[in-house]
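>>> Here is the input, now give the coordinates:
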Amino acid sequence: MNPKMFPPLPLDEWRATRDTIQGYTQVVGKIRRAMTPHQRHWFHINLRTAALGLTTTPIRNGNIAFELLLDFTGHQLVVSTSTGDWAEVDLDGQSAQEFCEEVTRALDEIGIAVDIDSEQFNDDDGTYDPDYVEDCWQALSQIDLVLKEFLGQLRGRKGPVSLWPHHFDLAGLWFTGRLVPDQDPDDEETADEQMNFGFSTGDEGIPEAYFYITAYPWPDGLENTTLPSPVRWHTQGWKGAVMTYADMIAADNPREALLDFLRTVQKAGAERMR
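Take a look at the predicted model:
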């Protein structure tokens, strides 16, 4: 098998499947949040990439560790523990509420109690097209590698490249190392000057897959910086630079086009944030 590095992701065709797997990530993210110590910038509620899908990374449960993996190649939720116990839940289009109940039962059967209210999740019937799921995972896995390469070349502190279940976006933070004036230095929401580099499969504001870059606090005049086509500034609802996924994969070298987008906007932002 030699999959295309960046397969098309037409949201209008696979939105129902996207919404279903987003619900699954929200369930797994809630479990991670409930059983993981708090981390700055909410890094304890997101998921990380693995070769086969998205993982909670190891979570402590008494004297053992366990991990949840959304395997988007085998189409299963896999639970594994440091003592060798193992459980699986098939991904077949069940609602997020049903999925939550199945996962908590599987955990309970291997001695892991999780207090999660399944009724907080959507109970509508889901849609699960394995082909679209595999295309999505192929794209996410490659974008993850590019984001890590880019962030790894920057000086200063970086956050891990992570999947945030609430918006189903894959993103990483870069911190300038400066505190925001007139903000509580202990407030993780507002204290640190930063830029965010991410990828969304599409939403109500931009109904197609896209890459985005934002800055906090927003530097005066940053949106007036000239960007190379087809990159553009987005100013409706939130401010940031945007390049659509379709434009990226249409480039002669999509990977280099994405890196150029990230580097160009980061440089412009960093210069204005000094």
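>>> how about the helices of the protein, start to end?
Along the chain, the segments classed as helices by DSSP state H run 11-35, 96-109, 130-152, 245-250, 254-272.
>>> now these in a markdown table, with distance to P165?
Bear in mind the C-beta positions are built from the backbone N, C-alpha and C, glycine included. As requested, the helices of the chain are exported to a markdown table (distance: least, C-beta to C-beta, whole Å):
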| stretch | distance to P165 |
| --- | --- |
| helix 11-35 | 4 |
| helix 96-109 | 10 |
| helix 130-152 | 13 |
| helix 245-250 | 20 |
| helix 254-272 | 23 |
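>>> closest one to G74 among the ones you listed?
helix 130-152 (10.0 Å; C-beta to C-beta).
>>> related to what we said a few turns ago, closest one to E193 among the helices of the chain?
The closest of those to E193 is helix 254-272. By C-beta to C-beta, the value is 10.1 Å.
>>> Please name every helix or strand in contact with the closest one.
helix 130-152, strand 192-200, strand 210-216, strand 240-244, helix 245-250 (3 or more C-beta pairs under 8 Å, 6 or more residues apart in numbering; DSSP states H and E).
>>> Buried ones in stretch 137-153, by neighbour count?
By neighbour count on 16 or more other C-beta atoms under 10 Å, the buried set for stretch 137-153 is 137-144, 146-147, 150-151.
>>> Just grab the bridge partners of the residue most central in space within the chain for me.
Nearest to the mean C-alpha position of the chain, counting by C-alpha atoms, centre = their mean, stands L163 at 1.9 Å. With DSSP bridges applied, L163 shows beta-bridge pairing to L47, L170.
>>> picking that back up, please dump the helices and strands packed on helix 254-272 into CSV; it should also carry mean pLDDT and distance to A65 for every row.
Output for the helices and strands packed on helix 254-272, formatted as CSV (pLDDT from 0 to 100; distance: least, C-beta to C-beta, whole Å):
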stretch, mean pLDDT, distance to A65
helix 130-152, 97, 23
strand 192-200, 97, 29
strand 210-216, 97, 34
strand 240-244, 98, 37
helix 245-250, 97, 36
